[in-house]
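Undergrad: build me a model from this:
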Amino acid sequence: MSTKPHLSQRAIVAYNRFSKDVAALNYVRHVKPGGPLGSSTVALCNRLVTLANRLFGHEPGLQRFSRIDPVTPMTQSDLVLFTARLTAASTAFEERYFHLTESGIASNRDNIFALGKASR
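TA: Next up is the predicted model:
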């Protein structure tokens, strides 16, 4: 019986989509000049808030995120903080479910193979 946490295939697909959008935000925060962000960036951030709360809402120790007011201008500094918080939660989630990633599966396969050879 495994003590590793389980994650549904649907959640894995949702997380993969989420992580691509977080990566895009990380890119934008490095190349965007200063000033307020546009409404499409705020809409993307609010979509990520919804996805993050669905993915991380039942995970112990992972924070919940608040929606961003589309009327209040969001600055580059706000985006940096928002992206850092999403990235930190995403990293913690990845570490918790590492065994479900391609490299985690390969690592487990190698460990099982090594154990099999050692018991001979």
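
Undergrad: so after the biggest helix by length in the chain, what's the next helix or strand?
TA: Under DSSP state H, the helix in the chain containing the largest number of residues is helix 9-31. Scanning forward in sequence from helix 9-31 by DSSP states H and E, the next helix or strand is helix 39-56.

Undergrad: now that next one: buried residues?
TA: In terms of neighbour count (16 or more other CB atoms under 10 Å), helix 39-56 has its buried residues at 41-42, 44-46, 48-49, 51-53, 55-56. The C-beta positions use only the backbone N, C-alpha and C, and glycine is treated the same way.

Undergrad: of these, which is the nearest to residue 81?
TA: For the buried residues of helix 39-56, the minimum distance to residue 81 (CB to CB) is 11.2 Å, reached by residue 45.

Undergrad: can you pull up the most central residue in this protein?
TA: Closest residue to the average C-alpha location of the chain: residue 90 at 2.9 Å, with CA atoms, centre = their mean.

Undergrad: which element is that one on?
TA: Using DSSP H and E, residue 90 falls in helix 76-96.
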